[in-house]
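Asker: attaching a predicted model along with its sequence, questions to come.
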Amino acid sequence: MSKNFELLERLKNERWEAASRHSRERDAKAQDCPTPNLKTRAHAELSKLVERLFLSGSTSSAPRRVAFTGTGSGVGCTCVTIHTAEVLCCQQVGSVCLLDATQNSSTLRAHFNLHRTPGLGDALSSDVPLHNFAQQVRSNLWVVIGDGNQPDDLVPLRPQLQSHLSELQEQFDYVLIDTPHLVVGSNRLNAAILADGAVLVLKAGHTRRPVARLAIAELEAAGVKILGTVLNQRDYPIPEAIYKRI
């Protein structure tokens, strides 16, 4: 299935430059994650990706709560999550909530032109339902920002987070979670363990194969279903057979 996630190679050629210009998450600005052009080939292929992830098979078995996580900082996980959420919304399948579980929400806030407001951290420290912090940014897309008050390691807060995510899923048809990157080899996992599955974001020319394999192994050992991988920032062809070995 990972071959379907290699569509991001076309972004640079079609002036959808989010991946190729996104060198570091912390320095990203709004233009680094533009709204995808609905007429581009990249958008058409991303629609196929969304179809395979969320819309193929029976409704009861399709994942509704999907986490996106990277093998390290700066791989473009936030932009991948944003674009996936926007394309999913274009399918008019229902309501979508993008939850930012990271410490730095600057990319997401800039993309949707949002001010810093209470978010996940405030919800975790209170009894206020998480959907109360959701901001509507499209007709069927809501965003809960990471306000920086939540710890980077959310596992100790698993009971509270599980409760909030369950409540969020009752309010929205799909929940996409942008999670902190994995610290491979540390046995420290993130909110991906509470999702129906995870998409692992890799960076072409940067993520080493052993790191990718170890990340997948750690996620699977924690009971996280790997729904696929995104090879981000790829601008050269690589034989498909190579990716099947990861």
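Answerer: Perfect, thanks for sending it. Residues are numbered from 1 along each chain as shown.

Asker: need the contact list for the closest residue to residue 141 other than its chain neighbours.
Answerer: Sequence neighbours aside, residue 89 is the residue nearest to residue 141 in space, at 4.6 Å (criterion: Cβ to Cβ, 6 or more residues apart in numbering). (Glycine included, C-beta is placed from N, CA and C.) Contact analysis of residue 89 by Cβ atoms under 8 Å, 6 or more residues apart in numbering lists 96, 138-141.

Asker: any idea how far residue 89 lies from residue 83?
Answerer: Going from residue 89 to residue 83 by Cβ to Cβ, to the nearest Å gives 11 Å.

Asker: just residue 232 next, same as before
Answerer: To residue 83, residue 232 is 11 Å away according to Cβ to Cβ.

Asker: ditto for residue 132
Answerer: Residue 132 is 26 Å from residue 83, by Cβ to Cβ.

Asker: what's the answer for residue 139, then?
Answerer: Distance of residue 139 to residue 83, given as Cβ to Cβ: 17 Å.

Asker: who's more crowded, the two?
Answerer: residue 83 (27 against 8; other Cβ atoms under 10 Å).

Asker: hang on, that one in a helix?
Answerer: Yes - per DSSP: H, G, I helix; E, B strand; the rest coil, residue 83 lies within a helix segment.

Asker: thought residue 147 was touching residue 109, still the case?
Answerer: No - between residue 109 and residue 147 there is no contact under Cβ atoms under 8 Å: 10.1 Å.

Asker: list the residues that contact both of the two?
Answerer: Joint contacts of residue 109 and residue 147 (Cβ under 8 Å, 6+ apart) are residue 116.

Asker: not counting sequence-adjacent ones, nearest residue to residue 173?
Answerer: The nearest residue in space to residue 173 (Cβ to Cβ, 6+ apart) is residue 94, at 3.2 Å.

Asker: now do the contacts for that neighbour.
Answerer: Taking Cβ under 8 Å, 6+ apart, one finds 140, 172-174 in contact with residue 94.

Asker: tell me the one among the residues you listed nearest to residue 117.
Answerer: Nearest to residue 117 among the contacts of residue 94 is residue 172, at 18.3 Å by Cβ to Cβ.

Asker: alright, that wraps it up for me.
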